[in-house]
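Trainee: coords please:
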Amino acid sequence: MFPNLHRSEELCFRISPNPPKKKTNFSEDHILDHYEEIIRSSQTPISLTKSTTLVNHDSATVTQIFSDNKSKEMMKHRDNERQRRQEMAALHASLRSLLPLELIKGKRSISDHINEGANYIKQLQMKIKELDAKRDALKRYNYLSNGNIIIGPSSTTDNDHHGGASSSSVLCQDNLIRVQPWSGGLEIVISSTGDASALPMSKILQVILEEGLSVVSCISTKVNGILLHTIKAEVFDNLDIHSGSLLSY
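Mentor: Numbers count the residues shown, from 1 in each chain. Now for the predicted structure:
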């Protein structure tokens, strides 16, 4: 049917049933090598990425722990500071309640209140010393019963239980002088809590003799830190001496 085609322009395609082995092997080796390179190149970034991720994770963990510790220290410091301020406020309120209003009037700072408190303590100490001195003075003049001897900070006139005679006493500085009747005359009792030289015995005896009395006995004793002088004087019949006249000296 197509004679011309077969003669002049015949196209033939031949497919070899057995292709060259060498070329095939080269292509396969080349493909395998290329595949291994791809695998190696792909594995290296993966391992680096994993290491970098682990390092970043550890660093973030350490940073978080450090931040937590710092936060705990700050919270502890704030709590301690809050407690200290509360204690200071309580002490300040207690100090204000103890100080008189005239001392803290117009003064609000804690330093001013502390200074006023120190001054107030000094004032109280001085008052305490004064009260101690007064207490000791009163103790010296406590009433003491010792026979007919009565010692006390008073100036009185009492009736004697035996004969209706009078008994007088007078306080002179640290010396209490009491004159009372005695069966043979007068009994003079001198209680001295201060210096003995302030009222010497020689002066007392001189006054008694000037009044015309005769000293019978003179006894000096010390009772509870108080020096007692008991003088008994005899009165003559023609003399009329009131006990109060001796106290005028």
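Trainee: for the chain, give me the ranges with low pLDDT.
Mentor: 1-58, 137-175, 194-199, 236-249 (pLDDT under 70).
Trainee: how is it partitioned into domains?
Mentor: Structural domains annotated on the chain: 99-137, 145-247, as defined by automatic domain parsing.
Trainee: number of residues surrounding the spatially closest residue to residue 191 that is not a sequence neighbour?
Mentor: Leaving aside its sequence neighbours, residue 191 sits nearest to residue 176 (C-beta to C-beta, 6 or more residues apart in numbering; 4.2 Å). From N, CA and C alone the C-beta is placed, and that goes for glycine too. For residue 176, the neighbour count with other C-beta atoms under 10 Å is 24.
Trainee: these two touch, right, residue 176 and residue 228?
Mentor: No. Between residue 176 and residue 228 there is no contact under C-beta atoms under 8 Å: 9.7 Å.
Trainee: about what we covered before: how close does the residue nearest to residue 191 sit to residue 92?
Mentor: Note on residue 176: its distance to residue 92, by C-beta to C-beta, to the nearest Å, is 51 Å.
Trainee: equivalent analysis for residue 71, please.
Mentor: 31 Å.
Trainee: between the two, who's got more neighbours?
Mentor: residue 92 (13 against 10).
Trainee: just confirm that one is within a helix.
Mentor: Yes. Residue 92 sits within a helix when classified using DSSP: H, G, I helix; E, B strand; the rest coil.
Trainee: how about the strands in this protein?
Mentor: Using DSSP state E, the strands of the chain run over residues 145-146, 149-150, 157-159, 166-172, 175-182, 185-192, 214-223, 226-234.
Trainee: much appreciated, bye for now.
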